[in-house]
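# Generate coordinates for the sequence data below:
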Amino acid sequence: METYCPFYRWLPAADQKELEGHLQVFLAEKNFEGCGGFVLHDEIKAGIAAQACLLLLHRNTDYFPDLKSVLVYPANYVASITRHIGSGIVEESQMVRAGESWREGVVVLAWDSVLDEVQAPENGHNVVLHEFAHQLDYEDGHADGMPLIGHGQPRGVRAQRFADWTRIMRSEYEILRRQAEAAQPTFLRHYGATNAAEFFAVATENFFCRPRELRQLHPGIYQQMQWYYQQDPARWNWPQLTMNPIG
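From the prediction side, this is the model:
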């Protein structure tokens, strides 16, 4: 598992044990399928599952309840895209992808991208975390960057959490969107400005891959992520490479 989920070795011992338990449930419940001739072995499945379950630590939640299958291609793949452009006109195109997440209960991953990104978390990219963040976003039935906020909390707490999340995340999203339109360099990659759902997924990647930098540059996002995921990855035992301060 450590080979394909380096986060495991940086976790506190109690979190490692919890992650191992989540991993066993995930592997038992979800179907894995190799695509494009890719042969999956148990270590690959465990590495992907461990990264996905990283999002579940300390949270009173189910194991991605709508997810049924994880499809894994050997490399980036071509997906057909259908877009309705109005007046009954449908535009079809093809796009090269490293991953995608379907509301219908499927996550698709390109293994070469998974492998490249776990070897360099300091780049802030992680397709597994990104696509499984979308699955969390779907849990309330909408892909809107607003996962189930305050689930299981008293009504007053839930309302305050919802208000805080909406205010902070919407403001940060609008800032990133303006910066992306102006082609300005940003810490969060411009893809996060596509829509609120992608913003949440990109923020999740950086919360786990570059937590100290996110906490320094975007403390509001870090605070919301810390509350939602019930974790503080900036305090993990990171290797020196990701501990260097910015600027």
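# Would you agree residue 75 is in contact with residue 109?
No: counting by CB atoms under 8 Å, residue 75 does not reach residue 109; the two are 10.7 Å apart. From N, CA and C alone the C-beta is placed, and that goes for glycine too.
# who's more crowded, these two?
The neighbour count for residue 75 versus residue 109, taken as other CB atoms under 10 Å, is higher for residue 109 (26 against 12).
# What's the first helix or strand after the lengthiest helix in the chain?
Secondary structure assigned by DSSP state H gives helix 155-181 as the longest helix of the chain. Using DSSP states H and E, the next helix or strand after helix 155-181 towards the C-terminus is helix 196-209.
# ok and that following helix relative to helix 155-181, angle-wise?
Relative orientation of helix 196-209 versus helix 155-181 (axes from the mean of the first three to the mean of the last three CA atoms, to 10 degrees): 100 degrees.
# Could you list the alpha-carbon positions for whichever helix or strand comes after helix 196-209 in CSV?
Downstream of helix 196-209, the next assigned helix or strand under DSSP H and E is helix 211-217. What follows is helix 211-217, C-alpha atoms only, in CSV (Å, rounded to 0.1, in the frame of the first residue of the first chain):
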residue,chain,number,x,y,z
PRO,A,211,-1.3,21.5,3.1
ARG,A,212,1.3,23.8,4.6
GLU,A,213,1.4,26.0,1.5
LEU,A,214,-2.5,26.0,1.3
ARG,A,215,-2.7,27.0,5.0
GLN,A,216,-0.3,29.9,4.4
LEU,A,217,-1.7,31.2,1.2
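# Return the list of helices and strands in contact with helix 211-217.
helix 196-209, helix 219-229 (3 or more CB pairs under 8 Å, 6 or more residues apart in numbering; DSSP states H and E).
# can you give me the angle the first one makes with helix 219-229?
Using the same axes, to 10 degrees, the inter-axis angle of helix 196-209 relative to helix 219-229 is 90 degrees.
# Which strands and helices lie in contact with helix 196-209?
Helices and strands touching helix 196-209, by 3+ CB pairs under 8 Å, 6+ apart, are helix 127-138, helix 155-181, helix 211-217, helix 219-229.
# cool, the last one as well?
In this structure, helix 219-229 makes packing contacts with helix 155-181, helix 196-209, helix 211-217, judged by 3+ CB pairs under 8 Å, 6+ apart.
# ok now that helix, how far from the chain's centre?
On the basis of CA atoms, centre = their mean, to the nearest Å, helix 219-229 is displaced by 14 Å from the centre of the chain it belongs to.
# Contacts for that helix, please.
55, 57-59, 147, 149, 161, 164-165, 168-169, 171-172, 203-204, 207, 211, 214-215, 232, 234 (CB atoms under 8 Å, 6 or more residues apart in numbering).
# Just the buried residues from those residues, in ChimeraX please.
Here is the ChimeraX command that selects the buried residues among the contacts of helix 219-229 (16 or more other CB atoms under 10 Å):
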select :55,57,147,149,161,164,165,168,169,172,203,204,207,211,214,215,234
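# Tell me who's in contact with residue 50.
Contact analysis of residue 50 by CB under 8 Å, 6+ apart lists 1, 4, 5, 7, 8, 19, 23.
# Going by mean pLDDT, which of the helices and strands packed on helix 196-209 comes out lowest?
Sorting these by mean pLDDT places helix 155-181 lowest, at a mean of 93.
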